[in-house]
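1. Give me coordinates for this.
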Amino acid sequence: MVRETARHVGDVPDHRSSQVSVPAPDQVQGQTSPDGLWRWDGSEWQPTVAPSTAARPESSPRSWLAILGGVFGLVALPVVLAGCFLPFINWTDTSNGTSASIFNPGSAGAYWYAVEPVEVVVLAIPAAILLMVLKGRTARALVSGVLIAFGLQTIGMFAGYALGDLGFGRIGPGGPVGMIGGAILFTGGAFGLGSLLTRA
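-> Now for the predicted structure:
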């Protein structure tokens, strides 16, 4: 039978043992053991870091508001494209055509204006996807801001098309549809920012 060797008074506690020895009288309060795992409080050795309070990595669950915001961002894009195809004006003078849309403006130089909504669609797709998959609060804040900015820009652009030529014809469906798409895009970004205020 193996016999346990008795500890000497004044020994530093072994972190592999649950037994804590009583130190010699010359021990100083606050003194730590050589391995740094124990501290003398004046009457007994105490662990320097309590196991129950040790920091544990916390996982940041995806927010349902962020997922909803990303879905709104993706749903808005076909609506924006529909607004580009639909006429924003029906001309009173039909000598040069009956209507005009962003993708069919009626003049070659005006096609360059289509770059703006196409750019919004291309950049908003990854922003909406990132909003759904990212867990970091800073990253979600950035992509949410992108969607909000694109939404406001899109609303303003289609409002300009819808109201800018009213003196030459009747408003077409393209302007209102595009503004709805911009509003949906803005709402997606707003949901993304709202996800920063919740834990899940």
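2. mind checking the backbone torsions on the residue nearest the centre of the chain?
-> Note on the chain: the residue nearest the mean C-alpha position is Arg140, at 1.2 Å, using C-alpha atoms, centre = their mean. When read as degrees, to the nearest 10, the backbone of Arg140 gives phi -70, psi -40.
3. Tell me which residues touch it, please.
-> Shown in contact with Arg140 (C-beta atoms under 8 Å, 6 or more residues apart in numbering): 63, 66, 131, 134, 192, 195-196. From N, CA and C alone the C-beta is placed, and that goes for glycine too.
4. How about Gln153, nearest residue that isn't a chain neighbour?
-> Once flanking residues are discounted, Gln153 sits nearest to Val120: 6.7 Å by C-beta to C-beta, 6 or more residues apart in numbering.
5. name the helices or strands packed onto the one helix or strand that neighbour maps to?
-> Assigned by DSSP states H and E, Val120 belongs to helix 115-133. Under the contact criterion of 3 or more C-beta pairs under 8 Å, 6 or more residues apart in numbering; DSSP states H and E, helix 115-133 touches helix 64-85, helix 137-164, helix 174-194.
6. Dump these into CSV; add mean pLDDT and distance to Ala124 as well.
-> CSV is the format used below for the helices and strands packed on helix 115-133 (pLDDT from 0 to 100; distance: least, C-beta to C-beta, whole Å):
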stretch, mean pLDDT, distance to Ala124
helix 64-85, 96, 6
helix 137-164, 94, 5
helix 174-194, 96, 6
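7. Could you point out which of those sits nearest Gln31?
-> helix 137-164 (42.4 Å; C-beta to C-beta).
8. Buried ones in that closest one, by neighbour count?
-> In terms of neighbour count (16 or more other C-beta atoms under 10 Å), helix 137-164 has its buried residues at 140, 143-144, 146-151, 153-155, 157-158, 161-162.
9. Tell me the one of those nearest Leu81?
-> Set against Leu81, the nearest of the buried residues of helix 137-164 by C-beta to C-beta is Thr154 (11.0 Å).
10. Now for the closest one: which residues touch it?
-> Shown in contact with Thr154 (C-beta under 8 Å, 6+ apart): 80, 117, 120, 178-179, 181-182, 185.
11. Can you say which two of these are spatially most distant?
-> The most widely separated members of the contacts of Thr154 are Val120 and Met179, with 13.1 Å between them, by C-beta to C-beta.
12. For these two, work out which one has more neighbours and name it.
-> Neighbour totals were compared for Val120 and Met179, and Val120 leads with 24 against 21 (other C-beta atoms under 10 Å).
13. The closest residue to Val118 other than its chain neighbours: neighbour count?
-> Closest residue to Val118 apart from its sequence neighbours, by C-beta to C-beta, 6+ apart: Cys84 at 8.0 Å. Neighbourhood size, Cys84 [other C-beta under 10 Å]: 24.
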